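> Build me a structure from this.
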Amino acid sequence: KAEINRNLLELTTCCRFMDALYKGPLPLIYTNFTTKWLGVWMLLLPFVLWRELKGSPIMIPITGLVAVFYFGIDELEHQIEEPYSILPIEVACAATKRCISEMLQRDSLPPSARKPGIGPEATSL
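Below you'll find the model as predicted:
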């Protein structure tokens, strides 16, 4: 019984942490500003390269590589700021439900002492 209480306390703590992450405000103005500034910077890069490379055609692949690199970092920034679009939350919830059901099946509590909606007889979330 103590193990179940400890596991439920840990589960509750994790759920509170995930909820705080989900409801936390994201500074979208920063993301929008950096994306726009990166676009302006990439538009001006060929002009700088033209002067530095004295019109060499090598500036085209250099500009392309720099653009792929920097816009890739920008996309990674968006994914880090909004992780719930790429995290498998449904899989984690199903695994948590299965773990709780297994703990309740091992528990020696009679069915009348269990809370409704939790356990093997519960309906899906």
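
> Check the secondary structure at the residue lying farthest from the centre of the chain for me.
Most distant from the centre of the chain: Lys54, at 44.3 Å, with distances by C-alpha atoms, centre = their mean. Taken by DSSP: H, G, I helix; E, B strand; the rest coil, the conformation at Lys54 corresponds to coil.

> and Asp74, how far is that from Pro61?
20 Å (C-beta to C-beta, to the nearest Å). Just so you know, the C-beta spots here come from the backbone N, C-alpha and C atoms, and that holds for glycine as well.

> Between the two, which is the more surrounded one?
Between Asp74 and Pro61, counted using other C-beta atoms under 10 Å, the more crowded position is Asp74 (15 against 9).

> ok, and the more buried one, which helix or strand is that part of?
helix 59-81 (DSSP states H and E).

> quick one on the thing from earlier: how about the contacts made by the residue farthest from the centre of the chain?
Contact analysis of Lys54 by C-beta atoms under 8 Å, 6 or more residues apart in numbering lists nothing.

> and it, what pLDDT?
In this model, Lys54 is scored at 87, pLDDT.

> Renumber starting at 9 from here on
That works, and once the first residue is 9, the last one we named lands at Lys62.

> quick one: it from Pro69, how far?
Lys62 is 16 Å from Pro69, by C-beta to C-beta.

> Phe55 now?
17 Å.

> same thing with His86?
26 Å.

> what does Ile12 give?
61 Å.

> helix or strand for Leu57, which one?
Assigned by DSSP H and E, Leu57 falls in helix 36-60.

> got the buried residues for the helix holding Asp82?
For helix 67-89, a neighbour-count test (16 or more other C-beta atoms under 10 Å) marks Met67, Thr71 as buried.

> Can you give me the neighbour number for Cys107?
12.

> Also Leu19?
14.

> my read: Phe79 touches Thr42, true?
No. Assessed by C-beta atoms under 8 Å, Phe79 is found out of contact with Thr42, at 11.2 Å.

> Quick check on Leu61: phi, psi?
phi -90, psi 0 (degrees, to the nearest 10).

> got the contact list for the closest residue to it other than its chain neighbours?
Here the nearest residue to Leu61 in space, its sequence neighbours aside, is Met67; by C-beta to C-beta, 6 or more residues apart in numbering that works out to 5.1 Å. By C-beta under 8 Å, 6+ apart, Met67 lies in contact with Pro54, Leu57, Trp58, Leu61.
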